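> this is the structure alone, sequence omitted:
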């Protein structure tokens, strides 16, 4: 948490509709341009890490799948420093590395605990995925090329579609638990259990909108990774800043209630 403070004054009327994800992305791009260095550093480190994983594990499908699953789930925790940047930008202050490092060095147990929970979720997905494909695939899947040839491009319908549906089913609760919780933990002293509950409350209040936002995140991350990971240099910070603005809009609309006062 940065500090306990109320957000800057803003109009109380907030419109949450089908165009909201585009507005959040536009604001995220604005924040990226206003203070580019923190975003470049975060995005660059994640792009570099992704490239290292891809090169080092390109012939070991299950290690690569596990590493990338963990990478994608832990990425929002690693991007929490960008929420701090948005916090300062709201107050007209441009920051760089000192404030971000202060957040990470704070040892916030809520963020650490949440990161461990996300890592466990990623491990569960990899084990479930491995069991499904090992039992169903007609041949052993040892390399990424095997997965593409015998699962993704298989002429028979079934395995790949079930794999995608299972992944979406397991990813949905992780997304619902974290989409509002992570910026809330950075912004306020809200306990972890309550932040997760408020995140679920937001998803329940606007399920269609939050599903559309999840699709936007997935498509942009996939695009960033498809561009030899280089696209993550822009995608990661813009999505982090946009997620901050989504959190703010839900708070201003009264759909989530973070704890803003320290307990005595």
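Right, received. Where do you want to start? Remember, predicted model here, so these are calculated numbers, not experimental data.

> and stretch 208-228, how far from the chain's centre?
10 Å (Cα atoms, centre = their mean, to the nearest Å).

> what residues sit buried inside it?
209, 210, 212, 213, 214, 216, 217, 220, 221, 224, 225 (16 or more other Cβ atoms under 10 Å). Heads up, the C-betas are built off the backbone N, CA and C, glycines and all.

> for the helix or strand hosting residue 216, packing partners?
Residue 216 belongs to helix 207-226 when elements are defined using DSSP states H and E. On a contact count with 3 or more Cβ pairs under 8 Å, 6 or more residues apart in numbering; DSSP states H and E, helix 207-226 meets helix 20-34, helix 232-252.

> same list, the ones you listed, but as JSON lines with mean neighbour count and distance to residue 190 please.
Shown next, in JSON lines, are the helices and strands packed on helix 207-226 (neighbours: other Cβ atoms under 10 Å; distance: least, Cβ to Cβ, whole Å):
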{"stretch": "helix 20-34", "mean neighbour count": "18", "distance to residue 190": "21"}
{"stretch": "helix 232-252", "mean neighbour count": "25", "distance to residue 190": "11"}
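
> got those as TSV, with mean pLDDT and distance to residue 186 columns?
What follows is the helices and strands packed on helix 207-226, written out as TSV (pLDDT from 0 to 100; distance: least, Cβ to Cβ, whole Å):
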stretch	mean pLDDT	distance to residue 186
helix 20-34	95	14
helix 232-252	95	9
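
> nearest to residue 125, of these?
helix 232-252 (20.4 Å; Cβ to Cβ).

> returning to that earlier point: to residue 78, which of the helices and strands packed on helix 207-226 lies closest?
Between the helices and strands packed on helix 207-226, helix 232-252 lies closest to residue 78; by Cβ to Cβ that is 8.7 Å.

> could you check the angle that closest one makes with helix 207-226?
170 degrees (axes from the mean of the first three to the mean of the last three Cα atoms, to 10 degrees).

> which other helices and strands contact helix 232-252?
For helix 232-252, the packing partners by 3+ Cβ pairs under 8 Å, 6+ apart are helix 20-34, helix 36-56, helix 61-78, helix 80-90, helix 181-187, helix 207-226.

> comparing those by mean pLDDT, which bottoms out?
The minimum mean pLDDT among the helices and strands packed on helix 232-252 belongs to helix 61-78 (a mean of 76).

> can you point out the buried residues in it?
61-62, 64-78.

> and if you look at stretch 165-177?
171, 174, 175, 176, 177.

> how close does the first one sit to residue 72?
Applying Cβ to Cβ, to the nearest Å, one obtains 9 Å for the distance of residue 171 from residue 72.

> and the helices and strands packed on helix 232-252: which comes nearest residue 120?
From these, taking Cβ to Cβ, the stretch that ends up closest is helix 61-78, at 9.4 Å.
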